[in-house]
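# Fold the following and give me the result.
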Amino acid sequence: MYAIIGIVVVFAAVLGGFLMEKGPLLVLMQPSEFLIIAGAAIGTLLSGNPVYVLKKVGGGLAHILKGPQSSKRQYIDLLKMMYTLFNKARKDGLAGIESDIEEPEKSAVFSKYPDFLKNRHVRDFVCDTMRMAIVGGSSAFDLDQMMEIDMDVHHAGATESATALSTMADALPGMGIVAAVLGVVVTMSSLGGPPEEIGHKVAAALVGTFLGILLCYGVVGPLGANLSKLVDNEHASYHVLRVVMLAFIKGISPSLAIEMARRAIPEHVRPTFQEVDKACRQKDEPVTAVAA
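Numbering: from 1, shown residues only. Presented below is the predicted three-dimensional model:
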């Protein structure tokens with residue numbers, strides 16, 4: 001939502017300032033220039049990225065429009081879920097949570113967190129790590145290395161969509177110059193005609209450069225930066241899970257493991273100790289969101 005508001009503010013400020021200078025708004029309405037710039041930019045996006053990256057770009061833009069994906073409430077629910085799982089393991093042994101790990105959809109613990117089950121990457125990150133802990137034979141250091149590799153691979157894949165948008169944004173000013181050059185070519189072919197016609201064609205050529213720069217720095221570039229921040233926020237939730245699972249695997253109590261993970265949460269969404277402690281002591285209730 002804020003992304004849409006930001007784009008609207010950009011266009012309102014630019015067009016509003018143009019109108020304050022008594023600029024003729026209709027001069028900016030150049031469909032041919034927009035077609036050249038937008039079409040060429042989309043073409044570079046298609047030619048420069050495989051299909052799976054294009055799908056990630058579409059999914060990333062959808063997430064941007066939905067707004068922030070991580071909140072204090074979601075992190076509290078995440079820590080509460082892990083606290084419940086660890087307490088069960090402490091009571092029944094690691095073998096007691098084997099069924100939860102092998103069939104998370106049927107788990108009495110995970111079933112209360114539908115968003116966790118829907119997010120395949122986060123679900124597999126937790127279940128695969130705890131599965132190796134149950135199997136045994138791996139040290140805490142080895143499991144930590146395994147989680148780090150998994151996080152690096154996922155982060156590299158997640159950043160591909162932001163990189164694709166940034167590359168598209170970098171191409172837009174160049175496409176604006178192409179549109180402007182084509183406009184100059186058209187203008188030169190009309191020399192000798194009425195001055196009004198020549199002036200209109202020169203204005204149209206300059207609009208091409210204007211659109212390329214505006215779309216780069218006012219729309220596509222900020223969207224790419226926003227998507228990059230969403231990827232970083234998602235990576236932060238993986239780090240929190242890594243901290244809490246590693247602490248428990250090392251033999252630290254569930255309460256202390258949860259507190260260590262709480263301190264790994266980014267400051268702008270970090271809950272207080274009292275908030276997490278209160279949530280963990282409450283009876284399990286259905287929740288609708290888990291940070292991912």
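
# what's downstream of the helix or strand Val14 falls within, the next helix or strand?
Under the criterion of DSSP states H and E, Val14 resides in helix 2-20. Sequence order places helix 31-48 as the next helix or strand after helix 2-20, per DSSP H and E.

# now what about that following helix, what contacts it?
The contact list for helix 31-48 (CB atoms under 8 Å, 6 or more residues apart in numbering) reads 54, 57, 164, 167-168, 171-172, 175-176, 178-179, 182-183, 204-205, 207-208, 211-212, 215, 220. In short, each C-beta sits where N, CA and C put it, glycine included.

# change it to 6 Å
For helix 31-48, contacts defined as CB atoms under 6 Å, 6 or more residues apart in numbering pick out 168, 171-172, 175-176, 179, 207-208, 211-212.

# again with stretch 240-258
Under the criterion CB under 6 Å, 6+ apart, residues 79, 82-83, 86-87, 129, 133, 140, 143-144, 147, 260-261, 264-265 lie in contact with stretch 240-258.

# Can you tell me which of those residues has the most neighbours?
Scoring the contacts of stretch 240-258 on neighbours with other CB atoms under 10 Å, the highest-scoring entry is Leu79 at 27 neighbours.

# ok, now how distant is that residue from Ala236?
The spacing between Leu79 and Ala236, counted by CB to CB, to the nearest Å, is 14 Å.

# which residues are common contacts for these two?
Common neighbours of Leu79 and Ala236, counting by CB under 6 Å, 6+ apart, are absent.

# Using neighbour counts, pick out the buried residues of the helix or strand encompassing Glu196.
Taking DSSP H and E as the criterion, Glu196 maps to helix 195-215. For helix 195-215, burial by neighbour count (16 or more other CB atoms under 10 Å) applies to 201-212, 214-215.

# How about stretch 35-53?
Neighbour-count burial for stretch 35-53, with 16+ other CB under 10 Å as criterion, is recorded at 36-38, 40-41, 44-45, 49, 53.

# With stretch 244-263 instead?
The neighbour-count check on stretch 244-263 (16+ other CB under 10 Å) flags 244-249, 252, 254, 257-262 as buried.

# tell me the contacts of the closest residue in space to Pro173 that isn't next to it in sequence?
Of all residues not flanking Pro173 in the chain, Gly212 sits nearest, at 4.8 Å (CB to CB, 6 or more residues apart in numbering). Counting by CB under 6 Å, 6+ apart, Gly212 makes contact with 37, 172-173, 175-176.

# Which pLDDT does the model give Gly212?
pLDDT, Gly212: 93.

# swap in Cys280?
pLDDT, Cys280: 91.

# how far away is it from Met81?
Distance of Cys280 to Met81, given as CB to CB: 10 Å.

# same check, this time on Val244
From Val244 to Met81 the distance is 10 Å (CB to CB).

# Can you tell me how far the closest residue to Val202 other than its chain neighbours is from Ala204?
Excluding the flanking residues, the one nearest Val202 by CB to CB, 6+ apart is Thr187, at 5.5 Å. As for Thr187, its distance to Ala204 is 8 Å (criterion: CB to CB).

# try Gly212
For Gly212, the distance to Ala204 - CB to CB - is 13 Å.

# Find residues that contact each of these two.
Joint contacts of Gly212 and Ala204 (CB under 6 Å, 6+ apart) do not exist.

# Give me the longest helix you can find in the chain.
Looking across the chain with DSSP state H, the single longest helix is helix 140-189.

# by contact count, what packs against it?
Counting contacts by 3 or more CB pairs under 6 Å, 6 or more residues apart in numbering; DSSP states H and E, helix 140-189 packs against helix 31-48, helix 51-66, helix 120-135, helix 195-215, helix 221-249.
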